[in-house]
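J.: pasting the structure only:
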């Protein structure tokens, strides 16, 4: 039997606001796009400043950074320092007095060649037009903490930018007039795996080495054979980074001895000067491990170097890193490791 319709009121629960909108008095407005991030690697060092006058207070080096600020404000001709194919310049210095910290940006300006911009929808590339006095700049962020007598510095690793040793080079150049003799950076290391490697490994099966092109000249001073191999690859392929992955017949004593000799030369230099680890992006060895029944194991010879990966905000359109976010996260990482 058919039923009569009733004059009932249908009610429903209020709908939730769309994830893409935010309720406001005027209505709904789009949620701002999510902020993009990039992963960056931070390396840590003990840093010391040596002056001609060794009676100066241990915080005297702060005056050096004030001098750098004044050079920038005055547009001093010597505010740029040459390093191979680029010019170095420190900018954006911020003195955090209450925490006894200095935050800054080490700029590396390339004046030789410029990249292009490619539209990946149309595959069309276009030039970056620049004035004669302009250049492509790469930024390396640093945070120096001097609350304790042992000063600590965190430095961003930028494969295309200035490296840690170039920060020392820049400060030494601009500080020479103020009596600065030397800036010494010593990587903060964890457990010493190099001696452990030499004890455990005798025969090598493979190497994997990654080297930035601007490190070849330094490597040549302590491992000329390795440097010449890297240079040959760099010249042939005209590349910025060279990766070598040689493999060896583990039963051939001549092959394994030759390879092991190269590794030992590099380890000796690292022991003498830990900063030389920064000449390499990767240095791993595959060899027989006496602690594991002579099975083949991979040893990362750079793992002693204390470092962190941090996730840093990028500006929406330019994709440039947000320096304020970078500095804050660098300080947080240093605190978590109890380095400061």
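T.: Happy to help now that I have it. As the structure is a computational prediction, the values presented were derived from the model and not from experiment.
J.: so which helix or strand takes in residue 243?
T.: strand 241-244 (DSSP states H and E).
J.: repeat that for residue 270.
T.: Using DSSP H and E, residue 270 maps to helix 253-272.
J.: what is that helix packed up against?
T.: Judged by 3 or more Cβ pairs under 8 Å, 6 or more residues apart in numbering; DSSP states H and E, the packing partners of helix 253-272 are helix 193-200, strand 201-212, helix 224-237. The C-beta positions use only the backbone N, C-alpha and C, and glycine is treated the same way.
J.: and residue 61, what pLDDT?
T.: Confidence at residue 61, expressed as pLDDT, is 94.
J.: pretty sure it is in contact with residue 67, am I right?
T.: No - contact criterion Cβ atoms under 8 Å: residue 61 and residue 67 do not qualify, at 10.3 Å.
J.: residues in contact with residue 142?
T.: Residues in contact with residue 142 (Cβ atoms under 8 Å, 6 or more residues apart in numbering) are 103-106, 153-156, 167.
J.: err, residue 319, not the other one
T.: Counted by Cβ under 8 Å, 6+ apart, residue 319 has contacts residue 36.
J.: hang on, the earlier thing: which of the helices and strands packed on helix 253-272 sits most buried?
T.: Across the helices and strands packed on helix 253-272, averaging neighbours per residue (mean count of other Cβ atoms under 10 Å) puts strand 201-212 on top, at a mean of 20.
J.: quick one: the helices and strands packed on helix 253-272 as JSON lines, columns for mean pLDDT and distance to residue 79 too.
T.: Shown next, in JSON lines, are the helices and strands packed on helix 253-272 (pLDDT from 0 to 100; distance: least, Cβ to Cβ, whole Å):
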{"stretch": "helix 193-200", "mean pLDDT": "81", "distance to residue 79": "39"}
{"stretch": "strand 201-212", "mean pLDDT": "93", "distance to residue 79": "25"}
{"stretch": "helix 224-237", "mean pLDDT": "95", "distance to residue 79": "31"}
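J.: now that we have the ones you listed, can you turn them into a markdown table and tack on distance to residue 319?
T.: Conversion of the helices and strands packed on helix 253-272 to a markdown table gives the following (distance: least, Cβ to Cβ, whole Å):
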| stretch | distance to residue 319 |
| --- | --- |
| helix 193-200 | 36 |
| strand 201-212 | 22 |
| helix 224-237 | 27 |
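J.: of all the ones you listed, which one is nearest residue 299?
T.: For residue 299, the closest of these is helix 193-200, at 5.2 Å, according to Cβ to Cβ.
J.: name the helices or strands packed onto that closest one?
T.: Taking 3+ Cβ pairs under 8 Å, 6+ apart as the contact cut, helix 193-200 packs with helix 253-272, strand 295-300.
J.: packed most tightly, which of those would that be?
T.: Stretch with highest mean neighbour count among the helices and strands packed on helix 193-200: helix 253-272 (a mean of 16; mean count of other Cβ under 10 Å).
J.: what's the following helix or strand after it?
T.: strand 282-289.
J.: in that following strand, what's buried?
T.: 283-289 (16 or more other Cβ atoms under 10 Å).
J.: can you tell me which two in those residues are farthest apart?
T.: Among those, 283 and 288 lie farthest apart (Cβ to Cβ), at 18.2 Å.
J.: and for residue 312, the neighbour number?
T.: Counted with other Cβ atoms under 10 Å, the neighbours of residue 312 add up to 21.
J.: in three-state terms, how would it be classified?
T.: With DSSP: H, G, I helix; E, B strand; the rest coil as the basis, residue 312 sits in strand.
J.: which stretches in this protein count as helices?
T.: All helices of the chain, identified by DSSP state H, fall at 61-73, 164-175, 193-200, 216-220, 224-237, 253-272, 323-336.
J.: quick one: these as TSV, columns for distance to residue 115 too.
T.: Shown next, in TSV, are the helices of the chain (distance: least, Cβ to Cβ, whole Å):
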stretch	distance to residue 115
helix 61-73	26
helix 164-175	21
helix 193-200	37
helix 216-220	22
helix 224-237	17
helix 253-272	32
helix 323-336	22
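J.: least confident of these, on average?
T.: Looking at those, the bottom one is helix 193-200 with a mean of 81.
J.: who touches that one?
T.: So helix 193-200 is contacted by 264, 267, 270-271, 285, 289-291, 299-301, 303-304 (Cβ under 8 Å, 6+ apart).
J.: tell me which of those is nearest to residue 329?
T.: residue 303 (22.2 Å).
J.: pull the number of nearby residues for that closest one.
T.: Going by other Cβ under 10 Å, the residues that sit close to residue 303 add up to 14.
J.: separation between it and residue 274?
T.: Applying Cβ to Cβ, to the nearest Å, the value for residue 303 to residue 274 is 13 Å.
J.: repeat that for residue 238.
T.: The gap separating residue 238 from residue 274 is 31 Å, by Cβ to Cβ.
J.: and if you look at residue 261?
T.: 21 Å.
J.: same deal with residue 104?
T.: 23 Å.
J.: which one of those two has more residues nearby?
T.: residue 104 (22 against 18).
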